[in-house]
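Novice: Model the following, please.
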Amino acid sequence: MMKRKQLKRVVCIGGGTGTFVGLRGLKQYPLSLSAIVTMSDSGGSNRRIRDEFGLLPTSDIRQCLVALSDENGGIGLLRKLFMYRFEKGQGIAGMTFGNLFMAALTDIVGSQEEAIRQTGKVLRIKGAVIPVTLSETNLFATYEDGHVVTEEHLIDEPVHDGTLQIVDAYLKPKAIPNQEALAAIASADMIVLGPGDLYTSLLPNLLVSEIPKALKKTKATIVYVMNLMTKYGQTYNFTAADHMHTLEKIVGKTIDVVLINTRALSQKALSIYAKYKEARVMDDLPLDSYYRVVKAPLISNTLYAKSSSDALIRSLIRHDSDKLALALFDIMERSTT
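Specialist: Here you go, the predicted structure:
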């Protein structure tokens with residue numbers, strides 16, 4: 001009897017729309033997928049989930065579950081339902097059905113961790129979605145003028161001068177790593193960091209104790225997907241090299257490959273972003289660095305709009321799921337053969 005070939009293990013670390021895009025494309029390939037997801041979000045419906053239900057934030061978890069879900073048959077309708085955001089109704093406007101579903105399921109099964117697993121079964125996901133921590137924690141950022149911002153959503157959508165640079169970021173209280181996350185990193189063949197906002201989607205994972213150490217010990221190929229745009233309040237005027245320098249301060253020189261987009265953005269998209277003091281990330285990566293630079297056209301043709309009831313600013317342009325997944329799969333094939 002022939003032995004079944006073991007699937008390559010790919011772990012995506014991040015949160016939000018960027019990780020959703022990557023997972024949705026990668027699930028089309030013969031891979032064993034895991035998503036390690038940030039748990040410090042404090043904005044939008046997550047604030048209400050934390051304050052009114054006493055739960056850890058669920059929006060990033062929900063997006064990853066939907067990204068990995070079966071897109072065939074009746075599950076397609078369930079996927080839409082989990083992403084549905086109520087636009088009216090006192091006390092419910094702005095909330096998503098998926099977040100409310102998981103809050104109710106937590107009450108039924110007795111733990112949020114088990115509710116995530118059971119939601120995965122309902123959606124018939126291909127892979128696993130793992131909270132980076134089960135600790136209640138918040139993201140703090142210290143800016144170059146010395147002032148400290150104490151919650152993630154205030155970093156994401158600043159009320160202060162967003163041109164100031166962040167000089168330090170940390171979690172408080174200290175977050176204890178989820179052992180499932182550490183095990184996934186240790187057994188991975190490839191680890192994908194991003195795409196997603198540097199300080200509010202990616203770094204909250206890397207700031208959890210033991211996660212940087214696990215990345216330094218793993219034998220997996222580590223790929224960083226460079227962001228398409230700068231972010232006012234986080235990475236104002238950042239170049240690609242600035243992003244790498246920030247990551248190096250936390251995880252050292254562990255990144256093996258940097259994947260960066262080459263396709264030009266439309267003038268319409270650039271002008272919209274310019275209103276928010278954001279711009280395309282300039283590629284100034286050195287050719288003689290310790291990491292390999294892979295360049296490919298990765299941008300989606302679609303300009304995305306957000307729900308009118310959504311309190312948060314969302315990305316207008318995104319990576320294309322299929323193009324990003326193809327590039328990542330090619331990197332893995334070249335790195336592991």
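Novice: Do you have the helices of the stretch 101-250 of the chain handy? List them.
Specialist: Secondary structure of the stretch 101-250 of the chain by DSSP state H, counting those that start in this stretch: the helices cover 112-122, 152-156, 179-187, 203-206, 211-217, 240-251.
Novice: Put the alpha carbons of the last one into CSV.
Specialist: Which is helix 240-251. Taking C-alpha atoms only, helix 240-251 is exported to CSV below (Å, rounded to 0.1, in the frame of the first residue of the first chain):
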residue,chain,number,x,y,z
ALA,A,240,9.8,48.9,2.2
ALA,A,241,13.2,49.0,4.0
ASP,A,242,11.5,50.8,6.9
HIS,A,243,9.0,48.0,7.3
MET,A,244,11.8,45.5,7.4
HIS,A,245,13.8,47.5,9.9
THR,A,246,10.7,47.5,12.2
LEU,A,247,10.3,43.8,11.9
GLU,A,248,14.0,43.1,12.5
LYS,A,249,13.8,44.9,15.9
ILE,A,250,11.4,42.3,17.1
VAL,A,251,12.2,39.0,15.3
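Novice: send the alpha carbons of the helix or strand following it over as CSV?
Specialist: Following helix 240-251 in sequence order, the next helix or strand is strand 257-261 (DSSP states H and E). C-alpha atoms of strand 257-261 as CSV (Å, rounded to 0.1, in the frame of the first residue of the first chain):
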residue,chain,number,x,y,z
VAL,A,257,12.0,36.1,1.5
VAL,A,258,10.2,39.4,1.0
LEU,A,259,7.4,39.4,-1.5
ILE,A,260,6.6,42.8,-3.0
ASN,A,261,4.1,44.0,-5.6
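Novice: Kindly export the helix or strand following strand 257-261 (C-alpha atoms) in PDB.
Specialist: Heading C-terminal from strand 257-261, the first helix or strand you meet, by DSSP H and E, is helix 267-275. Extracted in PDB, the C-alpha atoms of helix 267-275 (Å, rounded to 0.1, in the frame of the first residue of the first chain):
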ATOM      1  CA  GLN A 267      -4.400  57.300 -10.300                       C
ATOM      2  CA  LYS A 268      -7.900  57.100  -8.800                       C
ATOM      3  CA  ALA A 269      -6.800  54.900  -6.000                       C
ATOM      4  CA  LEU A 270      -3.700  57.000  -5.300                       C
ATOM      5  CA  SER A 271      -5.700  60.200  -5.100                       C
ATOM      6  CA  ILE A 272      -8.200  58.700  -2.600                       C
ATOM      7  CA  TYR A 273      -5.300  57.400  -0.400                       C
ATOM      8  CA  ALA A 274      -3.600  60.800  -0.600                       C
ATOM      9  CA  LYS A 275      -6.600  62.400   1.100                       C
END
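Novice: Enumerate the beta-bridge partners assigned to V192.
Specialist: Legend: beta-bridge partners of V192 under DSSP bridges are C12, V223.
Novice: who are the neighbours in contact with it?
Specialist: Going by Cβ atoms under 8 Å, 6 or more residues apart in numbering, V192 touches 10-14, 22, 223, 225, 328. Any C-beta I mention is one placed from the backbone N, CA and C, and that applies to glycine too.
Novice: that older thread, mind checking the helices of the stretch 101-250 of the chain for the one nearest to P57?
Specialist: Taking Cβ to Cβ, helix 152-156 is the member of the helices of the stretch 101-250 of the chain nearest to P57, at 8.8 Å.
Novice: neighbouring contacts of stretch 45-56?
Specialist: Against stretch 45-56 from outside (Cβ under 8 Å, 6+ apart): 39, 42, 57-59, 94-96, 99, 103, 106, 112, 131, 134, 136, 153.
Novice: same question, stretch 274-291
Specialist: Stretch 274-291 is contacted by residues 162-163, 224, 226-232, 235-241, 243-244, 253, 255-258, 260, 262, 265, 270, 273, 293, 295, 313 when judged by Cβ under 8 Å, 6+ apart.
Novice: Could you give the separation of it from the chain centroid?
Specialist: 19 Å (Cα atoms, centre = their mean, to the nearest Å).
Novice: Ends of that stretch, what's the gap?
Specialist: For stretch 274-291, the first-to-last residue distance is 31 Å (Cα to Cα, to the nearest Å).
Novice: Just the buried residues of it, please?
Specialist: Residues of stretch 274-291 classed as buried by neighbour count (16 or more other Cβ atoms under 10 Å): 276, 278-281, 285, 291.
Novice: in the stretch 51-200 of the chain, which spans are strands?
Specialist: Taking DSSP state E, counting those that start in this stretch, the strands of the stretch 51-200 of the chain run over residues 128-131, 138-143, 148-149, 166-172, 190-193.
Novice: that older thread, put together a markdown table for the helices of the stretch 101-250 of the chain, with distance to G18 and mean neighbour count on each row.
Specialist: Rendered in a markdown table, the data for the helices of the stretch 101-250 of the chain read as follows (distance: least, Cβ to Cβ, whole Å; neighbours: other Cβ atoms under 10 Å):
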| stretch | distance to G18 | mean neighbour count |
| --- | --- | --- |
| helix 112-122 | 20 | 17 |
| helix 152-156 | 13 | 22 |
| helix 179-187 | 18 | 18 |
| helix 203-206 | 12 | 26 |
| helix 211-217 | 18 | 17 |
| helix 240-251 | 13 | 17 |
